[in-house]
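Undergrad: Please work out how this folds:
(one chain, ligands or ions: 1)
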Amino acid sequence: MKINAFHLQVLKGEKCPYCRSGTKVIPATIFYDTVVGVDFVVACRNYPQCNAYTHAYPNSTKPQGRLVDKATMRKRTMAYKQFNRLVILKQLMTKKEALAELSEHLEIPLEYSEICYLNAKNCMRAETWAIKKFWHFEYKRTGKFTVPMTVRNGKRRKITIIEQVDSYNSVVEFEEDEKRMMIEASKIFFFKPRT
Ligand SMILES: [Zn+2]
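TA: Below is the predicted model:
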């Protein structure tokens, strides 16, 4: 991946990836209606006409990675949730190890493999990667190795369970084409491969 000067400014949160403008700092108390544990938000200079933003690092106005729209921010939050479960909550890998693998998996340079640098598509790929990685360690720990699957177009397909929405529905991602969809949880079965 070649990174040009503009792209670099985007990754550092200095330029808006959507309208190519500069940025402005907005106190989080003004940006959000509720308290969110963030001091400052770095938004596109054209905010709110352009709705790109990112959070600043604690006690600073330095942007955390690239500016994104609300939909991408949701994906970023989901990816962080899974990544943090792996490296902070369960400490199954060090952050360094995780980023090295993630960089290889996403085929992006190591220094830009942190989730705050990723676009929407790669946030989703990072989320799936972290979920699979977590279950990989779980299988190792418990010795129970099963693969979640479902039937699609009459064929058994490998899936990753992204989220259990309620008792009846789950969001899953198909391994074959990385498509996500909501399916009935009763349609998921667990296959035990011969090892
Ligand atoms: Zn913008």
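Undergrad: Distance-wise, check the nearest residue to Gly22 once chain neighbours are set aside relative to the ion.
TA: Nearest non-adjacent residue to Gly22, counting by CB to CB, 6 or more residues apart in numbering: Arg45, 4.9 Å away. For glycine as for every other residue, the C-beta is placed from the backbone atoms N, C-alpha and C. According to CB to the ion, to the nearest Å, Arg45 and the ion sit 7 Å apart.
Undergrad: What pLDDT does the model give Arg45?
TA: Note on Arg45: pLDDT of 98.
Undergrad: now do Glu138
TA: 92.
Undergrad: Spell out which helix or strand contains it, please.
TA: Using DSSP states H and E, Glu138 sits in helix 120-142.
Undergrad: From the rest of the structure, what touches the helix or strand just after that helix?
TA: Heading C-terminal from helix 120-142, the first helix or strand you meet, by DSSP H and E, is strand 147-152. With CB atoms under 8 Å, 6 or more residues apart in numbering as the test, strand 147-152 has contacts from 156-161, 172, 174, 183, 187-193.
Undergrad: again, only this time at 6 Å
TA: 156, 158-159, 161, 187-191 (CB atoms under 6 Å, 6 or more residues apart in numbering).
Undergrad: Return the subset of those lying in strands.
TA: Among the contacts of strand 147-152, the residues falling in strands (DSSP state E) are 156, 158-159, 161, 189-191.
Undergrad: For ChimeraX, what selects the buried ones among those?
TA: Filtering the ones in strands among the contacts of strand 147-152 down to the buried ones (16 or more other CB atoms under 10 Å) takes a single ChimeraX command:
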select :159,161
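Undergrad: Would you mind marking which of the ones in strands among the contacts of strand 147-152 are also close to the ion?
TA: For the ion, no contacts are drawn from the ones in strands among the contacts of strand 147-152 by CB under 5 Å from the ion.
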